[in-house]
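Student: Show me how the following folds:
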Amino acid sequence: MNRAAAGAAAVFALAALCSGCGGPTPTAWRGSPVSVVRASADRTLAASTATVDVTLAQNTAGTGVSGTGSVDFATQQAVLSLGRTGSAAARDDHFVVVVDGGSDFVMADSPLGGGMPGTSPGRHQGIDGAGTALALLRGAVDALVYGGQEIRGEGTLRVSVHIDLERAARASPADERPALLEAAAAIGPVLWPADVWIDPRGRVARLEIAEDPELHTTTTRGNLFITDDGNPLALTDLDFFDFGVPAKISVPARGQVVEAQ
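Tutor: As a prediction, the model looks like this:
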């Protein structure tokens, strides 16, 4: 199929997808699927703030952490309340993570041992890296329209993509490039698979990323848990909603912080 035919097919697919939406295809979904995905990063970040639900699964049994909180893309601050899931849920650990730029403040609490606040220089992909995760979408090199799906009562466009981190860095503002280039250097020339659900205003309602970008899979669709390598596929899911609602984020005072070991 030549490029013109492929573009026409994509437009037809989008129109067909929304034929049952009760109205025309949203303006934000028009154009090539790749351009729609790339634009969704900036449209989401332009909202300045959002509520975010996070799920980080380490295996197909759902072992990992999940929680909810707020993120301020403009100030690079976030706060999330998290707990363990799957087989680790019995530990009954709970965490509050506050992010202030490059610093993470973690309050851990467990009936088995308590906890204390601290800081960590490490970045937690999918937790405090919500803005960086969105910036990845600027590096989409292909896009397969998978269909439509309702999220929180609103129809969304679901697209499977592969991401080139170096391209994402080149397409991002200077202050966002270091984190993307660091990730690109760490994983090498690998196209990172992801699925994205885009709302009618072109913002990301959900982003699902494979935890290990080196696993050779063509999509992170939820019904695919074994990759072409025969390995289980662990996923990070980020749900964004309540865009523009003021984020209430309090950074701990210096005297309340103990450096993490």
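Student: List phi and psi for G102.
Tutor: Listed backbone geometry of G102 is phi -90, psi 0, with angles given as degrees, to the nearest 10.
Student: same question, G153
Tutor: Per-residue torsions, G153: phi 80, psi 10 (degrees, to the nearest 10).
Student: and it, how many neighbours does it have?
Tutor: Using other C-beta atoms under 10 Å, the number of residues around G153 comes to 5. C-beta: built from backbone N, CA, C; applies to glycine.
Student: Equivalent analysis for R152, please.
Tutor: 12.
Student: Let me see the contact set for it.
Tutor: Taking C-beta atoms under 8 Å, 6 or more residues apart in numbering as the definition of contact, the neighbours of R152 are A205, D239, F241.
Student: can you do 10 Å?
Tutor: By C-beta atoms under 10 Å, 6 or more residues apart in numbering, R152 lies in contact with D53, D199, A205, R206, D239, F241, D242.
Student: what do you get for R170?
Tutor: When contacts are counted by C-beta under 10 Å, 6+ apart, R170 is found next to R138, G139, D164, R177, L180, L181.
Student: what's the answer for V161, then?
Tutor: 33-34, 37-38, 136-137, 139-144, 191-196, 219-220.
Student: please redo it, this time with the cut-off set to 8 Å
Tutor: Contact criterion C-beta under 8 Å, 6+ apart gives V34, V37, L137, A140, V141, D142, A143, L144, P193, A194, D195, V196 as the residues in contact with V161.
Student: Over to T49?
Tutor: S70, V71, D72, F73, A74, F243, G244, V245, P246, A247.
Student: Okay, strands next: where are they in the stretch 1-150 of the chain?
Tutor: 49-57, 64-72, 77-85, 94-100, 103-109, 117-120, 140-151 (DSSP state E, counting those that start in this stretch).
Student: how about the ones you listed in CSV, adding distance to I187 and mean pLDDT?
Tutor: Listed next are the strands of the stretch 1-150 of the chain as CSV, based on distance: least, C-beta to C-beta, whole Å; pLDDT from 0 to 100:
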stretch, distance to I187, mean pLDDT
strand 49-57, 17, 89
strand 64-72, 20, 89
strand 77-85, 23, 86
strand 94-100, 22, 84
strand 103-109, 22, 77
strand 117-120, 21, 49
strand 140-151, 15, 90
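Student: before we move on, the earlier item: closest to T63 out of the contacts of R170?
Tutor: Ranked by distance to T63 (C-beta to C-beta), these are led by L180 at 28.2 Å.
Student: In a strand, that closest one, correct?
Tutor: No: L180: not assigned to a strand; according to DSSP: H, G, I helix; E, B strand; the rest coil it is helix.
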